[in-house]
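**Q** the sequence isn't on hand, but the structure is:
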């Protein structure tokens, strides 16, 4: 997943000229949060009890990555 998301981010920032990309995994999806963090995303907030699934409420995590952060990360 890390490699696939890297290609998508690179295309978004470099080919499409996007300034910001967001991701919103559920709080229980630790693997996705770890992938995002490894690629440079910053945790920007948590929407508490945002989603009700199978009889339980789950928080939604908000992550963001800016084009300038991606460029700085890629140049290392």
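**A** It's in. Predicted model only: the values in this text are computed from it and were never measured.
**Q** I'd like to know which elements whichever strand or helix holds residue 64 is packed against.
**A** Secondary structure from DSSP states H and E places residue 64 in strand 56-66. For strand 56-66, the contact count by 3 or more Cβ pairs under 8 Å, 6 or more residues apart in numbering; DSSP states H and E identifies strand 20-23, helix 30-38, strand 42-53 as packing neighbours. Bear in mind the C-beta positions are built from the backbone N, C-alpha and C, glycine included.
**Q** if we use 6 Å, what do you get?
**A** strand 20-23, strand 42-53 (3 or more Cβ pairs under 6 Å, 6 or more residues apart in numbering; DSSP states H and E).
**Q** buried residues in the first one, which are they?
**A** When neighbours are counted by 16 or more other Cβ atoms under 10 Å, the buried residues of strand 20-23 are found to be 21, 23.
**Q** that one pairs with which strands?
**A** According to DSSP bridges, strand 20-23 has the following sheet partners: strand 56-66 (antiparallel).
**Q** cool, the longest one as well?
**A** The pairing partners recorded for strand 42-53 under DSSP bridges are strand 56-66 (antiparallel).
**Q** starting at the chain centroid, how far to the partner strand?
**A** If you compare the mean C-alpha spot of strand 56-66 with that of the full chain, they lie 9 Å apart, counting by Cα atoms, centre = their mean, to the nearest Å.
**Q** right, and the helix or strand after that strand?
**A** Going down the chain from strand 56-66, the next helix or strand is helix 67-74, by DSSP H and E.
**Q** which residue is the nearest non-sequential neighbour of residue 26?
**A** The shortest distance from residue 26 to any residue other than its chain neighbours is 4.8 Å, reached at residue 58 (Cβ to Cβ, 6 or more residues apart in numbering).
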